[in-house]
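Peer 1: have a look at this prediction, sequence included:
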Amino acid sequence: MTEAVSAGPERVARVVLVDDHRMFRTGVRAEIGRTEITGIDVVGEADDVESAVQVVAETRPDVVLLDVHLPGGGGVEVLRRSAPLMGDAGVKFLALSVSDAAEDVIGVIRGGARGYVTKTITGTDLVNAVFRIADGDAVFSPRLAGFVLDAFAATDTPPVDEDLDRLTQREREVLRLIARGYAYKEIAKQLFISVKTVESHVSAVLRKLQLSNRHELTRWATARRLV
């Protein structure tokens with residue numbers, strides 16, 4: 001993250017939190033409240049696409065902190081349906097996600113988001129990012145900007161991976177973490193889901209890709225540079 005942006009005593013950024021995990025939204029509220037920078041006013045929350053579109057339209061915030069994976073179509077769908085509210089003087093979106101996958105980053109940026117940061121970001125850096133986005137800057141966690149530059153510099157459309165396209169966004173997320181060597185409990189904690197749900201996602205991935213175990217899955221993901 002680059003130099004801090006001072007909110008100033010008279011400045012307020014109106015923010016909407018969009019994430020399907022209530023505990024995470026509560027944690028973000030608490031974290032930004034502990035920072036030395038003041039001036040964030042959380043004016044609304046949402047946990048799926050429908051409620052997100054509604055609360056953004058009703059509150060017209062300065063910045064929407066948007067999770068990539070949401071019930072009802074994901075962050076890209078929120079961006080698509082909120083497009084009329086965007087613009088230089090309109091609502092701006094900052095993706096805030098556990099995923100650091102290139103296709104997730106590129107998808108929401110093409111959808112209109114002004115930046116993308118991962119959930120490992122500190123409270124102070126997140127507040128700085130909010131004010132920078134409100135000012136019209138683009139903000140990315142380290143290395144994610146390279147995905148965007150590469151994607152928009154490319155002149156050819158990347159080939160379609162039919163096997164990968166069979167997987168849902170959440171299944172892809174679990175796939176990457178499995179391939180990186182995470183245990184089921186670690187994946188459950190990172191994605192805010194149960195171990196049983198992780199097991200269900202892994203079973204679905206193995207079935208769809210016609211693989212037998214996590215070792216084959218890791219080789220498959222590594223061959224496609226998904227790790």
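Peer 2: Thanks, I have the structure now.
Peer 1: nearest the geometric middle of this protein, what residue?
Peer 2: Centroid check for the chain by CA atoms, centre = their mean gives Ser97 as the closest residue, at 2.8 Å.
Peer 1: ok, now how distant is that one from Thr222?
Peer 2: As judged by CB to CB, to the nearest Å, Ser97 and Thr222 stand 22 Å apart. No exception for glycine: its C-beta is placed from N, CA and C like everyone else's.
Peer 1: cool, Phe93 as well?
Peer 2: With distances defined as CB to CB, the gap from Phe93 to Thr222 amounts to 32 Å.
Peer 1: in terms of neighbours, single out the busier of these two.
Peer 2: Set Phe93 next to Thr222 and count neighbours by other CB atoms under 10 Å: Phe93 wins out with 28 against 12.
Peer 1: any idea how far that one lies from Ala134?
Peer 2: If you measure Phe93 against Ala134 using CB to CB, the figure is 11 Å.
Peer 1: ok, now Lys196?
Peer 2: In this structure, Lys196 and Ala134 are 40 Å apart, going by CB to CB.
Peer 1: please name the nearest non-neighbouring residue to Gly107.
Peer 2: Nearest residue to Gly107, sequence neighbours excluded (CB to CB, 6 or more residues apart in numbering): Val76, at 5.2 Å.
Peer 1: point me to the helix or strand that includes that neighbour.
Peer 2: Secondary-structure element containing Val76, defined by DSSP states H and E: helix 74-81.
Peer 1: got it, and Ala129?
Peer 2: For Ala129, the host element (DSSP H and E) is helix 123-134.
Peer 1: output that helix as CSV, nothing but the C-alphas.
Peer 2: Coordinates of each C-alpha in helix 123-134 appear next as CSV, following Å, rounded to 0.1, in the frame of the first residue of the first chain:
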residue,chain,number,x,y,z
GLY,A,123,-7.5,-2.0,9.1
THR,A,124,-5.4,1.1,8.6
ASP,A,125,-4.5,0.1,5.0
LEU,A,126,-8.2,-0.6,4.3
VAL,A,127,-9.3,2.8,5.5
ASN,A,128,-6.6,4.4,3.3
ALA,A,129,-7.8,2.3,0.4
VAL,A,130,-11.4,3.4,0.9
PHE,A,131,-10.4,7.1,0.8
ARG,A,132,-8.1,6.6,-2.2
ILE,A,133,-10.9,4.8,-4.1
ALA,A,134,-13.3,7.6,-3.1
